[in-house]
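A.B. asks: the sequence and its predicted three-dimensional model are supplied below.
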Amino acid sequence: IACGYHRVALHKANKRTLCGVATKINQKNVIENVQHACRHSTLCRQRKGTMCKMIAKLLRRISAGLLGGVMIASAAVSPVSAAVVDKDNPNNYDNFAEALQLALCFYDANKCGDEVADDGYYTWRGNCHVKDGMIPLVPMQSLGGGKANEDSGKGDGGASAAEGLYVGTNMSQDFIDANKKYLDPDGDGCVDLTGGWHDAGDHVKFGLPGSYSASTVGWGYYEFRKSYVETGLQKHVEDELRWINDYFMKATFLDDDGNVVAYCYQVGEGNNDHNYWCAPELQVDDTYVATSSCAVKRPAYFATTETPASDQTAGAAASLAVNYLNFKDTDPEYAQKCLDYALALYDFSVKTHHEVGDDTLTVDSLGYDGGFYTSSYDYDELSWAAVWLYYCTENYDYIDDIISVDESVTGEMGAHPYTGYMLSLIHI
């Protein structure tokens, strides 16, 4: 959070513009924006391929699990000052329970789909992006690189320039035809991908931030369940975990044997969505704010054997595995379903993981993100999923996937070289 970019972002967040009217935000808004910065401070930095970067990333992941509320509360005492709404009741920066509660509310604010209005946490949120339930099961048109949506000069916020583009999926027609019974069981020619979380301020459902956040919230609940109970937040956190993990399962398409055919890891196109600054409820066709169209494009990006995204599928597998642990004693049937999907997604991640090169291996089986959450490799997500699956199953093979060695080769100091994910992680 301490990086200059996020300090500036938080400072600017003291005023928020909604439909052209600037309004000062209250204490809750500031804390929500701090949570936004927390989430992006661990995710938005591109990994540069050095050991230092790897260690820093792992440390950030570990620290994130020690209750997001502590991070938020500590951030609140930074030089960025929040507005005091009630002078008789000034902001209480020592109330970590409230900070945790508001941190969870951040995810409520970012809920997407046709059940948001019934959620009950925010009265000002309504159903949005209902058309995610009717994404055409066709290959999308694109000019490449996600940059086909620049404003055409017609003053429509880029709507004309993007006409006909970013509609459908990243799957080929051949793949769709071969797997249509699994992708489109009701035969309506569409896929239903309503639900999930928006990213943070924008309204793309990005894969890596979503699965990382879900697994981290789940980890916090797993480690500190008693604290959630004592602060009255157990139902709230369980609602959040069900919401996002239900979406991961909905976005996973299995064959008759329970194997993954496709997993949708992203809905929306960042380079298009970011042209339209309006509430998600207004992002529908034929709606304008001032002179800008709110008719954003909502394409779906899938991980398949044809278009692998092993980082994305492994991230979702980790979250579902944690969810199994959190619900296995209170809702065993639901927990088992989460574990079944986690196992299938992990197996698919291992199957589709691919490297190129000789001495310096490069992973070329990573998902698309339009350049907003670029991943350099998938060894961390694979390790993250493997660890949680070990906790779920007590099958040491998952740990061996990480730390296996070649015992037929012995180094000068008697050590055997790694053959698992550690082989790559220690060289990054």
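C.D. replies: Alright, I've got the coordinates. Everything quoted here is computed from the prediction, not taken from an experiment.
A.B. asks: helices of the stretch 251-400 of the chain, residue ranges please.
C.D. replies: 270-273, 310-327, 332-352, 379-393, 397-403 (DSSP state H, counting those that start in this stretch).
A.B. asks: pipe those into CSV and attach mean neighbour count per row.
C.D. replies: For glycine as for every other residue, the C-beta is placed from the backbone atoms N, C-alpha and C. Compiled in CSV, those are given as follows (neighbours: other C-beta atoms under 10 Å):
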stretch, mean neighbour count
helix 270-273, 22
helix 310-327, 29
helix 332-352, 20
helix 379-393, 23
helix 397-403, 16
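A.B. asks: can I get those in CSV including distance to Ser213 and mean pLDDT?
C.D. replies: Below are the helices of the stretch 251-400 of the chain laid out as CSV (distance: least, C-beta to C-beta, whole Å; pLDDT from 0 to 100):
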stretch, distance to Ser213, mean pLDDT
helix 270-273, 17, 87
helix 310-327, 9, 98
helix 332-352, 17, 98
helix 379-393, 13, 97
helix 397-403, 23, 93
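A.B. asks: for Gly370, find the nearest of these.
C.D. replies: Gly370 sits nearest to helix 270-273 of all these, at 4.1 Å, using C-beta to C-beta.
A.B. asks: and the closest one, how far out from the chain middle?
C.D. replies: 16 Å (C-alpha atoms, centre = their mean, to the nearest Å).
A.B. asks: who are the packing partners of that helix?
C.D. replies: Where contact means 3 or more C-beta pairs under 8 Å, 6 or more residues apart in numbering; DSSP states H and E, helix 270-273 is not packed against any helix or strand.
A.B. asks: output that helix in CSV with nothing but the alpha carbons.
C.D. replies: Taking C-alpha atoms only, helix 270-273 is exported to CSV below (Å, rounded to 0.1, in the frame of the first residue of the first chain):
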residue,chain,number,x,y,z
GLY,A,270,-10.4,-4.4,-20.0
ASN,A,271,-9.5,-2.2,-22.9
ASN,A,272,-13.1,-1.8,-23.8
ASP,A,273,-14.7,-1.7,-20.3
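A.B. asks: count of neighbours near the closest residue to Gly420 other than its chain neighbours?
C.D. replies: Counting by C-beta to C-beta, 6 or more residues apart in numbering, Ser404 is the residue found nearest to Gly420 once chain neighbours are left out, at 4.0 Å. Around Ser404 there are 16 other residues, counting by other C-beta atoms under 10 Å.
A.B. asks: coming back round to it: tabulate the helices of the stretch 251-400 of the chain (CSV), appending distance to Ser365.
C.D. replies: Output for these, formatted as CSV (distance: least, C-beta to C-beta, whole Å):
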stretch, distance to Ser365
helix 270-273, 21
helix 310-327, 5
helix 332-352, 5
helix 379-393, 11
helix 397-403, 16
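A.B. asks: which of these sits closest to Thr287?
C.D. replies: Short answer: helix 270-273, nearest of the helices of the stretch 251-400 of the chain by C-beta to C-beta, at 14.4 Å.
A.B. asks: give me the distance between the residue nearest the centre of the chain and Thr169.
C.D. replies: Most central in the chain under C-alpha atoms, centre = their mean is Gly210, positioned 1.3 Å from the mean C-alpha point. Per C-beta to C-beta, to the nearest Å, Gly210 is found 18 Å from Thr169.
A.B. asks: for this structure, what's the longest strand?
C.D. replies: strand 260-267 (DSSP state E).
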